[in-house]
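> Just to be clear, the model below is a prediction. Sequence and coordinates:
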Amino acid sequence: MEIITSIIEAHLFRIIDSEMEFLLLKRADNIYLGGLWQMVTGRIEESEKGFETAIREIKEETGLVPKNMWVAPNVNSFYNHTSDSINMIPVFAVEVEPQSIVILSNEHSEYLWCSLEKTNKLLAWDGQKKSANIIYDYFINQFNYLNLSKIL
């Protein structure tokens, strides 16, 4: 069995009047896991660092440009039975300007700006929900002891 890191997870958020909203994207019906709500995800290309993949995927999937970006203190993971591998996924917290306009790629059919409560209802996997909760706690509940590493 192999442990690999080939995917990133980027939780985009905006803050309006001290309220945090997460951007969720609905996967297009004609692709793998169609209809699933998710954050920005993507495959790390051979020449990229994880955070570089996140920036590229954010632009490709949403047309957005990060205002600020941090490494979240969580690594998501899953087991892939077809490759018999454990996948470790770096997680990024990405702030965008409140008035930013989302331009979806053909990978997604819809988007929503969601409260944490709605985000937790729409995301499928516990690891993704955990990441969203950690990010919310840091920025809204001011859990500064988490000491997120800032990238941008």
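In hand now; what should we look at? All values reported here derive from a predicted model rather than from experimental measurement.

> rest of the way, CA atoms for contacts and neighbours
Fine.

> Secondary structure class of I135, three-state.
Assigned with DSSP: H, G, I helix; E, B strand; the rest coil, I135 falls in the helix class.

> Following the one helix or strand E9 maps to in sequence, what is the next regular element?
Per DSSP states H and E, E9 falls inside strand 7-16. The element immediately downstream of strand 7-16 (helix or strand, assigned by DSSP H and E) is strand 19-27.

> what distance separates the helix or strand that comes right after that next one from the centre of its chain?
For strand 19-27, the succeeding helix or strand toward the C-terminus, using DSSP H and E, is strand 37-38. Taking the mean of its C-alpha atoms, strand 37-38 sits 9 Å from the chain's own mean (C-alpha atoms, centre = their mean, to the nearest Å).

> Relative to the helix or strand just after strand 37-38, what are the paired strands and their orientations?
As assigned by DSSP H and E, the chain's next helix or strand after strand 37-38 is strand 40-43. The partner list of strand 40-43 in its sheet, established with DSSP bridges, is strand 7-16 (antiparallel).

> Output the partner strand in PDB with nothing but the alpha carbons.
Listed in PDB are the C-alpha atoms of strand 7-16, where the atom choice follows Å, rounded to 0.1, in the frame of the first residue of the first chain:
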ATOM      1  CA  ILE A   7      -5.100  16.300  -4.500                       C
ATOM      2  CA  ILE A   8      -5.700  19.600  -2.800                       C
ATOM      3  CA  GLU A   9      -8.800  21.000  -0.900                       C
ATOM      4  CA  ALA A  10      -9.300  24.800  -0.900                       C
ATOM      5  CA  HIS A  11     -12.100  26.200   1.200                       C
ATOM      6  CA  LEU A  12     -13.000  29.600  -0.200                       C
ATOM      7  CA  PHE A  13     -14.700  32.100   2.100                       C
ATOM      8  CA  ARG A  14     -15.800  35.700   2.300                       C
ATOM      9  CA  ILE A  15     -16.700  37.700   5.300                       C
ATOM     10  CA  ILE A  16     -19.600  40.200   5.100                       C
END
